[in-house]
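Q: can't give you the sequence, but here's the structure:
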């Protein structure tokens, strides 16, 4: 059963599916639900089928800054955090933010795609990498440092890509100091997309960057959270990039090129109506019949509240 779940992730990389099926109530139907299994799980009818990752390579990373991300999928459940290990990859020209273990998963996937022999040999490694991935960490950003423009990719029921100028966080440097990873840090407050943020930055690390699109402070952001602690980023490592250094976006044909406003509106709709939209988009059937798309709305707590 677990292998089928991982194959679904590998072919579609629809990062919300597993979490929403569990919480949305379809898990009990999986024994009788066809989900068009041969199409979803294995296009060639075998468990050894892997498709090579379609990549747009931007650069090679020089520095990796690791951030432990905690966020609330439902803002009313204040202790029910989802966690992910993320990474900010830096070169002279780009800053790329993504889920850390997805990099390893893509690499193993491409190795498996080379041959069925590799697929059988490395499938266990692939499945272990899947277990470490946060399946609902569904966005990746790449900032062109020279142009101060970010490309953002979001994955859900559909996949979206848009460009935006770097935000103006209107940072205000305030009193306060602490130590994070033995580095003296100072405090700043700012705002972005409907949330107010507190940032702790290290002037001793002369890189004005941070997780996702955050940056613009006189030092690396070491700890960042909104004032209600819905989204919390904690730096848990800075290291020289020595392996799997490729910085890339995906270039799958199904990625919808659109505007920030349209993408975020669509993502919000998919978050809130995930189960109903998934029934139509994926052709879900129960005992040979399409179930009624009448599931109640799900909570939505995207990082961006306004756009």
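A: Yep, that arrived. All figures in this text were calculated on a predicted structure; none of them were measured in a lab. Numbering: from 1, shown residues only.
Q: And the strands in the stretch 151-300 of the chain?
A: 159-165, 172-180, 183-192, 195-202, 220-226, 231-240, 246-250, 255-257 (DSSP state E, counting those that start in this stretch).
Q: how about those strands, which one is nearest residue 110?
A: For the strands of the stretch 151-300 of the chain, proximity to residue 110 was assessed by CB to CB; strand 246-250 is nearest, at 10.6 Å. C-beta: built from backbone N, CA, C; applies to glycine.
Q: tell me how far the closest one is from the chain's mean position?
A: Remark: strand 246-250 is offset 13 Å from the chain centroid, using CA atoms, centre = their mean, to the nearest Å.
Q: now for that strand, which elements pack on it?
A: strand 55-60, strand 94-99, strand 139-144, strand 149-155 (3 or more CB pairs under 8 Å, 6 or more residues apart in numbering; DSSP states H and E).
Q: now with 6 Å?
A: strand 55-60 (3 or more CB pairs under 6 Å, 6 or more residues apart in numbering; DSSP states H and E).
Q: what does the helix or strand that the strand it packs on is followed by rub up against?
A: Downstream of strand 55-60, the next assigned helix or strand under DSSP states H and E is strand 63-72. Contact with strand 63-72 is made by 81-84, 86-90, 211, 230-239, 241, 301, as judged by CB atoms under 6 Å, 6 or more residues apart in numbering.
Q: One more: stretch 241-250?
A: 55-62, 64, 89, 94, 96, 103, 107, 142, 153.
Q: can you give me how far that stretch is from the chain middle?
A: 16 Å.
Q: cool, stretch 64-79 as well?
A: 12 Å.
Q: Point out the most buried one among the strands of the stretch 151-300 of the chain.
A: strand 220-226 (a mean of 23; mean count of other CB atoms under 10 Å).
Q: Tell me the helices and strands packed up against it.
A: Against strand 220-226 (3+ CB pairs under 6 Å, 6+ apart) you get strand 195-202, strand 231-240.
Q: nearest to residue 307, of those strands?
A: Once those are compared by CB to CB, strand 195-202 is nearest, at 12.1 Å.
Q: can you give me the offset of the closest one from its chain's centre?
A: With CA atoms, centre = their mean, you get 21 Å for strand 195-202.
Q: where in the stretch 151-300 of the chain is pLDDT low?
A: The stretch 151-300 of the chain contains no residues with pLDDT under 70.
Q: Recalculate using a threshold of 80.
A: 285-286 (pLDDT under 80).
Q: thinking again about what came up before, which among the contacts of stretch 241-250 end up buried?
A: In these, burial by neighbour count holds for 58, 59, 61, 64, 89, 94, 96, 103, 107, 142, 153, counting by 16 or more other CB atoms under 10 Å.
Q: which ones are touching the second one?
A: Listed by CB under 6 Å, 6+ apart, the contact set of residue 59 reads 91, 93, 94, 247.
Q: Widest-spaced pair of the residues you listed?
A: 93 and 247 (9.2 Å).
Q: which residues does residue 198 bridge with?
A: residue 189, residue 225 (DSSP bridges).
Q: could you measure it against residue 84, distance?
A: Using CB to CB, to the nearest Å, we find residue 198 at a distance of 20 Å from residue 84.
Q: now residue 93
A: For residue 93 relative to residue 84 (CB to CB), the value is 26 Å.
Q: The two: which is more packed in?
A: More crowded of residue 93 and residue 84, by other CB atoms under 10 Å: residue 84, with 19 against 13.
Q: Please list all residues in contact with that one.
A: 69, 99, 134, 137.
Q: residues near the last one, how many?
A: So that's residue 137. The burial count for residue 137: 21, using other CB under 10 Å.
Q: Need the pLDDT of it.
A: pLDDT for residue 137: 86.
Q: Now do the contacts for it.
A: Residue 137 neighbours (CB under 6 Å, 6+ apart): 84, 99.
Q: how close does it sit to residue 188?
A: Taken as CB to CB, the span from residue 137 to residue 188 is 25 Å.
Q: Give me the nearest residue to residue 305, chain neighbours excluded.
A: residue 194 (3.1 Å; CB to CB, 6 or more residues apart in numbering).
Q: Compute the number of surrounding residues for residue 87.
A: Other residues close to residue 87 by other CB under 10 Å number 22.
Q: Once you drop chain neighbours, what's closest to it?
A: residue 100 (4.4 Å).
Q: which residues touch that neighbour?
A: 85, 86, 87.
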